[in-house]
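>>> Got a predicted structure here, sequence first:
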Amino acid sequence: MINYLQKRKAFLLAVALIFCATLIAQAQTRTVTGTVMDPSFGEPIPGATVLIKGTTRGVPTDIDGTFTIELQPGDNVLVVSFVGYLPKEVEVGNQTNLTINLEEDIQSLEEAVVIGYGTQDKKEITSSVASVGIEGFNKGNYPNPQSLLTGKVAGLNISTPGGSPNAQPTVRLRGISSFGANSSPLVVLDGVIGASIDAVDPNDIETIDVLKDASAAAIYGTRGAAGVILITTKKGSAKKGLSNVSINTFGTVEEATGLIPVLSPDEFRARRASTADFGQNTNWRDEILRTSLNGTVNASLSGGFENTSYFASVNYRNNQGVVENSDRETLNSRMNLSHGALNNRLRMTVNLAFTNTEANDVPGEALLYATILNPTMPVFDNSPEGLLNGGYFQPSGFDNNNPVALINTRTNQTKIRNAVYSYRAEYDITNELIVSAQFSQDILDVQNSQYSSRLDGSPGGGRANNGIAEQNDNNRVNTILSGNLRYEKEIFSKVNMSILAGAETQLFNESAFGVQARQFLYDQSWNNLGAAGIRFGENTNLYSNATKSTLNSFFGRANFNVKNTYFLSATLRAETYSGFGSSNQTGYFPAFSAGVDFTQLFSMGPFSQFKLRSSYGIVGQLPPSPTLAVGVYENGNRIQLDPTDLNTAWVAPRQLTNPNQFLQWETTRELTVGLDYGLFNNKITGSMDYYRRNIKDLLFEVGVNIGQPNPFNPRQDIPGQFFPYTAGSIWANIAGLESSGFEFLMTAHDVKLGSQVTWSPTLIFTIYKRARIEDIGAGGLTLPEIRRGVPGSPGVNNAQVIRNKEGERVGDIYGPRLLEIQEDGTTVLSTENPDEFERLGNALPSGDFGFTNQFNYKNWDLNFLLRGSWGHQILNSFRLFYEGDGNATWNSVITKNTPTDPVISNAPSQISDFYIEKGDFVRLENLQLGYTLPTRSSAVSNLRLYAGVQNLFTISNFTGVDPEVRWTDGGDQLAPGIERRDTYFIPRIWTAGLTINFK
């Protein structure tokens, strides 16, 4: 018989036990809800993290800033955090609904530094990194972003000799980093690697971070050998309902300064034969110079709603040059849009930028002739011969051209179209694991058009050819697809770890075409090339080309922070590039760095920070072309087999370079030891760095003898044998460079000069140990020295004066010495034989400095920057060619270094130490005074008026146009230090502007 009573008792007991357990569980756990707010704007903060203190249990806030969290016994404190806000601990007690207000962490926002594929707190950085924000940028009319940093970053030299509105600055970080490949730092614009610098207007930039050493740049592998400049543009606000309209507009007046003194017309007549007197009094520079009036307008709209932020801007710049017919006009537009979804676990960003630029240049020789042309010659000639030249007087003889005619009968226009767009998505898989992906493209099209009119009567000009027109188009598309995983966690008590791993593919596509033709019935410019009667032969051309290459990369980085005292970082990037020899296409680039802040270990008196750090890294270098490892062919001569039949005309191929199966990465190894310091509770902050850089396997094009065995191209069919050289040059890894330097930065914050005046000065300086060439030669190629830099005609075109010798410094200047100037004005040199020349100096600087000063008094602000370089020498070409009376038709230069008793009477045959001048200089780069008007308007939040000046004065003993460092000579990195005679005049720029922000 079944005992149902016992079963009922057991069932009732089980139910009772379950009910009691439920009651006990409910008594031990409880639910707490709440809202996280920004008290400044009264808005909720979506995506904030709410953690139970001492655990990893937590939840994010939703789009309305609310959360719900389960508390277990012992859980009584919540830790709430969000990027850009101070973390806050909240005791729950018996509360079931909380309102938690977070405060903005202004210092944290200022201390976040972009380091490549992410950011890092400044206190954790163990490599050499510099960061400049919008408040630290140079003030004035700076049309290119690099110039915002001039004199602001130790070790960064930004040089723009002359003052052409279309000149792009030469940027060198820690001196030269190559002489066959690129030496300019890599530009990364909002994560777009290698973006065109024209794609961003200076008004749109929020911060610029500079990765100076190989350890910091190693995350970018082969593209970071010359350093990295990371540009971050402005963003909107994710705070609901916040919007801001900003307008910044200014006008400038520019005038030419520092013109080299020459003889007046009367002085010229007194020193020349009567046959050289044409009876006029012409100031040729006045004839081509103008006072240029320029304007810039920047308008931007930024704001946010719900979980979306936006920033949109339009920038217009009109930069006339101080020389007639030279100008640059740019229209730039930008849209940055960010949105958070899925409780802000998914974050999406779109950045779009479009730039149109039209630049007009004048012939460089016009600047030369405006200085040295006979001042008694007339500008115009109404004779029948003169009318054939458009009514301009055309001098006869070598190097005699009318500069007014040149700038009016020749046109040189460049149109730049640039689009940069990127799409980025980031998703929090967990609170510690984040995955992100980015797709970007940089599309650049540069079209150059030139026309020499039928009225251009200069030798070889348009008149002799009935007009010469040409048009060239260069197109570049860089496509990047990148993805990475980031894991951040406190792995032990007070030990934080951040690991990044990613992969990336970059596709390089370049193409170009060009046409040149002559013999026009009418002046029809380049817009009707079909109107040219002659499209082949002399002064004609037709070409097109295209290249494609791929760079595949895998990279990883690990950062550790131990008790905010010890910091470690390691990076590795592996890259494969299709443009190298088949066995050398993959390179590995590691980096390591470490630091310790001793103020966290023990008291150091006045020091609030004393962080010693050291780093070592290896980075590679991309070649200047993806075709260097293979034998490159180009179009050769046109051959017409039957002179009477054009259909028998063919163009034969001609080999340009020889193949090199062993071509490999140029690599940079760099060691940096640094100190970051703070004094008196960080009232004074700064850093010091010492670095040593060693570059191996430099890429360089070397001349070879055709027919000799090519050791870089072995025969597969016959072991030990080589194919012969079939062209006159080959690209090879032939040498090394070794350099070092010391960098110093110090900033004092808000020094009180009285009760209401504060002063914030920043001093930087760099001391360079100039690069020395090592181990020239490879594969039987021996180059004991590389000679470059021919001064030019007339008379000084048979010697290269810049010599780069193994074991010596790059940029050494060689020449004879001036022994005497005889009574009749004849110069006597120590030698005329180039093989007997002596070292006269070096073209590269031994130091740079910048001294920025910011003063504030009530609503007034004053900012100025003094900067300079020292230790470099420059060949003064104007003095070399035109200082004496050796030519009866040219005017004479009369600088403070010009001998007057006796006057030099012979034409130059060589340079000498007499014409090598020190380039040391101090320049007032910019000076700006501003006033912020008090406003109580409900619509206007800020109204500021300002005025300033750039290039107010330069202190230097150099008597040429500009003492700036010449890092290259027409792009040749082995021929620095020559001031060419076509250097554009330097403008002094007066500025007045207005900034207004609307709520």
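Right, received. Where do you want to start?

>>> Is there a neighbour count for G795? I'd like the number.
Residues lying near G795 (other CB atoms under 10 Å) number 16. All C-beta spots, glycine's among them, are computed from the backbone N, C-alpha and C.

>>> for it, what are its contacts?
Contacts for G795 were tallied using CB atoms under 8 Å, 6 or more residues apart in numbering; they are A907, P908, S909.

>>> Could you tell me how far it is located from N166?
Counting by CB to CB, to the nearest Å, the gap from G795 to N166 is 31 Å.

>>> List the beta-bridge partners for V187.
Here V187 sits in beta bridges with I229, going by DSSP bridges.

>>> Need the distance between the two termini of stretch 655-675.
Using CA to CA, to the nearest Å, the span of stretch 655-675 from its first residue to its last is 53 Å.

>>> The stretch 701-850 of the chain: strands as residue ranges?
In the stretch 701-850 of the chain, the strands defined using DSSP state E, counting those that start in this stretch lie at 709-714, 722-724, 729-733, 736-748, 751-752, 757-774, 785-788, 802-805, 812-815, 818-821, 827-829, 838-842, 847-857.

>>> Name the nearest of the contacts of G795 relative to E743.
Proximity of these to E743 (CB to CB) peaks at P908, which lies at 40.0 Å.

>>> V796 is in contact with the closest one, correct?
Yes - P908 is in contact with V796 according to CB atoms under 8 Å; the separation is 5.4 Å.

>>> Now the common contact residues for the two.
Residues touching both P908 and V796 by CB under 8 Å, 6+ apart: L880, F881.

>>> Now V379. Its backbone dihedrals?
phi -80, psi -40 (degrees, to the nearest 10).

>>> nope, I197 is what I meant
Per-residue torsions, I197: phi -70, psi -20 (degrees, to the nearest 10).

>>> go on, D428?
Backbone torsions of D428, given as degrees, to the nearest 10, read phi -90, psi 100.

>>> Tell me, how many residues neighbour the closest residue to A629 other than its chain neighbours?
Closest residue in space to A629, ignoring its immediate chain neighbours: L663 at 4.2 Å, by CB to CB, 6 or more residues apart in numbering. With neighbours defined by other CB under 10 Å, the count for L663 comes to 25.

>>> Quick check: which element contains L663?
Under the criterion DSSP states H and E, no helix or strand holds L663.

>>> what sits against it?
By CB under 8 Å, 6+ apart, the contact set of L663 is F580, G581, N584, P623, L628, A629, L699, F712, W731, A732, N733.

>>> Show me the two of those that sit farthest apart.
Based on CB to CB, the longest span within the contacts of L663 runs between P623 and F712 and measures 14.3 Å.

>>> Tell me which of these two has more neighbours.
Taking other CB under 10 Å, P623 and F712 do not tie; F712 has more neighbours (25 against 22).

>>> Could you report the distance from that one to K548?
23 Å.

>>> And I219, by the same measure?
In this view, I219 and K548 are 26 Å apart by CB to CB.

>>> Correct me if wrong: I695 contacts L737.
Yes - when contacts are counted by CB under 8 Å, I695 is listed as touching L737 (4.2 Å).

>>> Most neighbours of all the contacts of G795, which one?
Result: P908 is most packed of the contacts of G795 (other CB under 10 Å), 22 neighbours.

>>> Shouldn't that one be within a helix?
No - applying DSSP: H, G, I helix; E, B strand; the rest coil, one finds P908 to be coil, outside a helix.

>>> residue contacts, it?
P908 sits next to G795, V796, T827, L880, F881, G886 when contact means CB under 8 Å, 6+ apart.

>>> Show me which of these has the smallest pLDDT value.
Of all these, G886 carries the smallest pLDDT score, 81.

>>> Three-state assignment for that residue, please.
Quick answer, by three-state DSSP: G886 is coil.

>>> Next, the contact list for S264, please.
Applying CB under 8 Å, 6+ apart, the residues near S264 are P375.

>>> Quick one: low-confidence residue ranges for the stretch 301-450 of the chain.
Applying pLDDT under 70 to the stretch 301-450 of the chain flags no residue at all.

>>> which residues in it form helices?
Here the stretch 301-450 of the chain has its helices, by DSSP state H, counting those that start in this stretch, at 364-372, 384-388, 403-409.

>>> Check the stretch 151-300 of the chain too.
Assigned by DSSP H, counting those that start in this stretch, the stretch 151-300 of the chain shows helices spanning 214-217, 265-271, 284-288.

>>> what residues are up against the spatially most central residue of the chain?
The residue lying closest to the centre of the chain (CA atoms, centre = their mean) is Q146, at 5.1 Å. Contacts were defined as CB under 8 Å, 6+ apart; by that measure Q146 touches I158, P169, V171, I197, I229.

>>> again, only using 10 Å
Q146 makes contacts with 156, 158, 160, 168-171, 184-185, 187, 197, 202, 208, 229, 231, as judged by CB atoms under 10 Å, 6 or more residues apart in numbering.

>>> and the closest residue to W967 other than its chain neighbours, bridged to which residues?
Leaving aside its sequence neighbours, W967 sits nearest to T170 (CB to CB, 6+ apart; 4.7 Å). Judged by DSSP bridges, the bridge partners of T170 are S159.

>>> Which strand residues bridge T249?
In this structure, T249 bridges to V297, L994 when assessed by DSSP bridges.

>>> how much space between it and A992?
Separation of T249 from A992 (CB to CB): 10 Å.

>>> if we can go back for a sec, and V893, which of the helices of the stretch 301-450 of the chain is closest to it?
Distance to V893, taken as CB to CB, is lowest for helix 364-372 among the helices of the stretch 301-450 of the chain, at 7.5 Å.

>>> Could you point out which residue ranges in the stretch 551-700 of the chain have low pLDDT?
By pLDDT under 70, the stretch 551-700 of the chain contains no weakly predicted segment.

>>> so P934 makes contact with S941?
No - contact criterion CB atoms under 10 Å: P934 and S941 do not qualify, at 11.7 Å.

>>> of all the strands of the stretch 701-850 of the chain, which lies closest to L612?
Of all these, it is strand 736-748 that lies closest to L612, at 15.3 Å by CB to CB.

>>> what's the angle from that closest one to strand 847-857?
20 degrees (axes from the mean of the first three to the mean of the last three CA atoms, to 10 degrees).

>>> In terms of secondary structure, what does strand 736-748 contact?
On a contact count with 3 or more CB pairs under 10 Å, 6 or more residues apart in numbering; DSSP states H and E, strand 736-748 meets strand 666-679, strand 684-696, strand 757-774, strand 847-857.

>>> Distance to Q72 and mean neighbour count for those - can I get that in TSV?
Listed next are these as TSV, based on distance: least, CB to CB, whole Å; neighbours: other CB atoms under 10 Å:
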stretch	distance to Q72	mean neighbour count
strand 666-679	42	21
strand 684-696	45	19
strand 757-774	51	19
strand 847-857	53	19
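
>>> okay if I get the ones you listed as JSON lines plus distance to I978?
Output for the helices and strands packed on strand 736-748, formatted as JSON lines (distance: least, CB to CB, whole Å):
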{"stretch": "strand 666-679", "distance to I978": "25"}
{"stretch": "strand 684-696", "distance to I978": "24"}
{"stretch": "strand 757-774", "distance to I978": "17"}
{"stretch": "strand 847-857", "distance to I978": "20"}
